[in-house]
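In: Please work out how this folds:
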Amino acid sequence: MSLDITHETEWNTLISDKNLVAADFWAPWCPYCMRLKPIFESIASKYPEIRFVKINVEEQQGLASRYGIRGIPVIKFFCEEKEVGEIVGYLPQADLEKKVGEISNEAHSCLANTSLKR
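Out: Just a heads-up that it's a prediction; the model follows:
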């Protein structure tokens, strides 16, 4: 299950932890974002060691600007405040799941001091 980020302070606390965070930048008027939503939730249940969050770019314009979000949907991955991966656009579930797995595996150096080893 994913968490909706409603305050920038909540986001700052979340990404400073030693956890891999997958952030879906989206908007309610975006048809591809709406198609991605159930897929994102499904993948979140398969990767409980990753914190999956959703950021509505209309409500959190500061965060969207901070990370240079110009098109949506986009999923950015963070570990200890560093961006460690990105998936741009809509992907079918199998393709998205494969990309999430690849990014999770590549983030191992950032996560070396955590329990997040696959």
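In: Is it correct that residue 103 is in contact with residue 83?
Out: No - the pair residue 103 and residue 83 does not pass the contact test of Cβ atoms under 8 Å, sitting 10.6 Å apart. Just so you know, the C-beta spots here come from the backbone N, C-alpha and C atoms, and that holds for glycine as well.
In: quick one: residue 27 and residue 55, what's the gap?
Out: In this view, residue 27 and residue 55 are 10 Å apart by Cβ to Cβ, to the nearest Å.
In: what about those two, which has more around it?
Out: More neighbours surround residue 55 than the other of residue 27 and residue 55, with 24 against 16 (other Cβ atoms under 10 Å).
In: Please report phi then psi for that one.
Out: phi -130, psi 110 (degrees, to the nearest 10).
In: what do you get for residue 67?
Out: Torsion angles, degrees, to the nearest 10, at residue 67: phi -100, psi 10.
In: related to what we said a few turns ago, check the contact lists of residue 103 and residue 83 and give me the overlap.
Out: residue 77 (Cβ atoms under 8 Å, 6 or more residues apart in numbering).
In: all strands in this structure, in order from the N-terminus.
Out: Using DSSP state E, the strands of the chain run over residues 3-4, 20-26, 50-56, 74-79, 82-88.
In: mind saving the C-alpha coords of the second one as PDB?
Out: I take that to be strand 20-26. The C-alpha coordinates for strand 20-26 follow below in PDB (Å, rounded to 0.1, in the frame of the first residue of the first chain):
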ATOM      1  CA  LEU A  20      14.400   3.100  -0.500                       C
ATOM      2  CA  VAL A  21      11.400   5.300  -1.500                       C
ATOM      3  CA  ALA A  22       9.500   5.100  -4.700                       C
ATOM      4  CA  ALA A  23       7.600   8.300  -5.300                       C
ATOM      5  CA  ASP A  24       4.800   8.400  -8.000                       C
ATOM      6  CA  PHE A  25       4.400  12.000  -9.200                       C
ATOM      7  CA  TRP A  26       0.900  12.200 -10.600                       C
END
